[in-house]
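Student: Whatever this is, show me its structure:
(one chain, ligands or ions: 1)
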Amino acid sequence: MATAATVHGQEEHEQIGKAAGPCVMVLFGASGDLTKRKLVPALYNLVKAKLLPKNFAVVGVAFDDLSREQFRDQVTGFLQPEDRGTEAWEWFTQRLYYQRGEFADPATYSTLAAQLAGVDREHGTQANYLFYLATAPKFFATIVQQLGKAELSSQKDGCWRRVVIEKPFGHDLDSAKALNRDVKAVLAENQIYRIDHYLGKETVQNIMVFRFDNAIFEPIWNRRYIDHVQITNAETVGVELRGGYFDTAGTLRDMVPNHIMQLLSLTAMEPPVSFQADAVRNEQAKILRAVQPLDSEDVLHSSVRGQYGEGVIAGERVAAYRTEPGVAPESKTETFLALKLNIDNWRWAGVPFYIRTGKRLAQRHTEITIQFKRTPFEIFRNSPVHKHSNQLVMQIQPVEGISLSFGAKVPGPVLRVGSVDMSFEYTKYFGADAYTGYEVLIYECMIGDATLFQRADMVEAGWSIVDPILDVWQALPPRRFPNYPSGTWGPADSDELLARDGRQWRKIEP
Ligand code: BG6
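Tutor: Purely as a prediction, here's the structure:
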């Protein structure tokens, strides 16, 4: 991963990093939602940060019949009004090209090859191509195969060719393996960039810096001092306009093998020997393989699923999942889950990792809580003690920061213990972050650094954890859906999962 200078205290945070080398970004799915919401704004932020090369161009590929002018207008429409008409906008839009085409049609790729040769001549992009597959997953293998047939994927005469593949990468272990086989038949592993946008989040990357650039935490980051770990990923949004996709996927597939496993692996992995892509990814893959597989009995005891009914979020009444557009009226798809996982290695044996994630919950909030053990002997047990415990909370979003809670004496003549916090918030130190999270991922891909991308074995390890749960859930459809009102923290069984172990979810204050 590209590293930047350390920022001390409140010193000004300067953008550090060299512009990437000459290349063309070929955007499959150029009219789609991801391009609009994330990719174009991220590219534009890279333009402003001067991290794109002078020799750069974008070729959009989609089904729509658009001229180059119309495509430029469309892209301009994806930018904030204040960004339009600026010098950076001028620079960016002069480098935009478009090609209409069906993804399965070989003619699309022969025309694309000719168009790219022209772009290389005009912009000096040296035949370095970054193909970004921002399409429906059913096209991933097809596009890669066609790129291979058109010889657009072969790296000869010193040029590079890389392919970014969006999620979902497969819908279970077998399909993920099949997709890996298909893409690896055309591309070498170091040409494949499987994206997980959670790795683009500052706070997620910061887990590594926090753990591996501070010597004080590592000695206590293990079963001797940690009681358990909680990962909460809560959304207030429902399925919005993605009901058609979501109803065939569900929360388990949508969130766990990818985003949640990134959070778990960065929290639990061993220190890598370096910050090189494979050193980091070896450790992530190793920890994912150490997650204890759940057998059918475990699935029944260690997993909870839920589906939202109607309810109230931020004072507004919201509809039940089953009445959302694109969702079957009797749908059995889960929109919430809670899991208890164990990791079979020396560091974590006996330390459960509790995970919960869901839609239409009480608050938008993602965090990882490290719950430390209590003191071996409680000398203040006879004083009026406010229940407190040592928790380290890594807050991922929307608040970004880290806090550590501990007990302190409440001032006064009577000995009382209260719970206090030491906390760090990103915005206070570094100001608000205007980035989408895709900037770093696009940039790293251009400079050929795959640290923040998933390797084939990591994706398969993630699915291996999820597959047995999918099997049991499919065999035993839920009996009581919907089972939580929108605007709550999920079904009561989720609290019960921890209560059985004498624990509880950290209370997330509004
Ligand atoms: C996506 C899922 O990958 O991540 C969505 O498909 C989910 O269902 C989203 O809402 C969450 O991302 P973020 O960045 O908003 O936490």
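Student: For residue 191, give me its contacts.
Tutor: Contacts for residue 191 (CB atoms under 8 Å, 6 or more residues apart in numbering) come out as 153, 155, 160, 161, 162, 163. Yep, even glycine has a C-beta here, placed from its N, CA and C like the rest.
Student: can you rerun that using 10 Å?
Tutor: Going by CB atoms under 10 Å, 6 or more residues apart in numbering, residue 191 touches 131, 144, 153-155, 160-163, 183-184, 448, 450.
Student: Quick check: residues of the stretch 251-400 of the chain near the ligand?
Tutor: Contacts of the stretch 251-400 of the chain with the ligand, taken as CB under 6 Å from any ligand atom, map to residue 254.
Student: Pass me the low-pLDDT residue ranges in the stretch 251-400 of the chain, would you?
Tutor: For the stretch 251-400 of the chain, applying pLDDT under 70 flags the ranges 385-387.
Student: Check it for the residue nearest the ligand and tell me.
Tutor: Proximity of the stretch 251-400 of the chain to the ligand (CB to the nearest ligand atom) peaks at residue 254, 4.7 Å away.
Student: What's the local residue count around residue 79?
Tutor: Using other CB atoms under 10 Å, residue 79 has 20 neighbouring residues.
Student: So which residue is dead centre in this protein?
Tutor: The centroid of the chain falls nearest to residue 198 when counting by CA atoms, centre = their mean (2.1 Å).
Student: Not counting sequence-adjacent ones, nearest residue to that one?
Tutor: Once flanking residues are discounted, residue 198 sits nearest to residue 259: 4.3 Å by CB to CB, 6 or more residues apart in numbering.
Student: Now do the SS call for the one you found.
Tutor: For residue 259, the secondary-structure state derived from DSSP: H, G, I helix; E, B strand; the rest coil is helix.
Student: which residues touch it?
Tutor: 167, 196-199, 201, 204, 231, 233, 357, 366, 396, 462.
Student: that older thread, and the contacts of residue 191, which of them are buried?
Tutor: By the neighbour-count criterion of 16 or more other CB atoms under 10 Å, these include these buried positions: 131, 144, 153, 155, 160, 161, 162, 163, 183, 448, 450.
Student: tell me the two of these that are most distant?
Tutor: 144 and 448 (18.4 Å; CB to CB).
Student: Would you format the contacts of residue 191 as a markdown table with pLDDT, distance to the ligand and secondary structure included?
Tutor: Shown next, in a markdown table, are the contacts of residue 191 (pLDDT from 0 to 100; distance: CB to the nearest ligand atom, whole Å; DSSP: H, G, I helix; E, B strand; the rest coil):
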| residue | pLDDT | distance to the ligand | secondary structure |
| --- | --- | --- | --- |
| 131 | 98 | 20 | strand |
| 144 | 98 | 21 | helix |
| 153 | 97 | 26 | coil |
| 154 | 94 | 31 | coil |
| 155 | 95 | 30 | coil |
| 160 | 97 | 27 | coil |
| 161 | 98 | 26 | strand |
| 162 | 98 | 21 | strand |
| 163 | 98 | 19 | strand |
| 183 | 98 | 20 | helix |
| 184 | 98 | 24 | helix |
| 448 | 95 | 25 | coil |
| 450 | 96 | 20 | coil |
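Student: can you redo the residues you listed as a markdown table with distance to residue 472?
Tutor: Below are those laid out as a markdown table (distance: CB to CB, whole Å):
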| residue | distance to residue 472 |
| --- | --- |
| 131 | 38 |
| 144 | 33 |
| 153 | 39 |
| 154 | 44 |
| 155 | 44 |
| 160 | 44 |
| 161 | 42 |
| 162 | 38 |
| 163 | 35 |
| 183 | 30 |
| 184 | 30 |
| 448 | 41 |
| 450 | 34 |
